[in-house]
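Enquirer: The sequence isn't on hand, but the structure is:
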């Protein structure tokens with residue numbers, strides 16, 4: 001448990017430093033656009049915004065990948081097999097309950113009497 005908390009703390013701190021690095025990268029890009037490249041303040045801001053939109057679009061495309069991971073495919077197959085086994089187990093339980101219940105015993109007794117009636121010489125005398 002402590003290891004997970006420590007890892008989460010390190011990831012949070014790394015995220016904060018990454019955010020500040022991103023801000024610094026924006027400042028450097030804006031300074032390059034405004035200073036040596038000679039664009040105005042507004043155009044420097046537009047260039048930084050355009051770079052941000054392009055990077056966000058690329059990351060969005062990477063994040064929207066449509067191919068499932070092999071682990072996801074394996075998990076889906078395992079889930080489907082488990083659900084199929086559960087359905088068959090429930091069906092067998094319901095069938096066993098029907099066969100061993102009162103209605104099943106009555107139907108079995110009736111079927112047995114009918115079968116015995118078909119056999120030659122198996123007629124019982126009624127008292």
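Expert: Right, received. Where do you want to start? Every value quoted in this text rests on a predicted model; they were computed, and no experiment measured them.
Enquirer: mind checking the SS state of residue 65?
Expert: Using DSSP: H, G, I helix; E, B strand; the rest coil, the secondary structure recorded for residue 65 is coil.
Enquirer: So for it, what's the pLDDT?
Expert: Residue 65 is assigned 71 on the pLDDT scale.
Enquirer: Any idea how many residues pack against residue 48?
Expert: For residue 48, the neighbour count with other Cβ atoms under 10 Å is 19. Yep, even glycine has a C-beta here, placed from its N, CA and C like the rest.
Enquirer: In which helix or strand does it reside?
Expert: helix 41-63 (DSSP states H and E).
Enquirer: buried ones in that helix?
Expert: Neighbour-count burial for helix 41-63, with 16 or more other Cβ atoms under 10 Å as criterion, is recorded at 44, 47, 48.
Enquirer: repeat for stretch 6-15
Expert: Using 16+ other Cβ under 10 Å as the test for burial, stretch 6-15 gives no buried residues.
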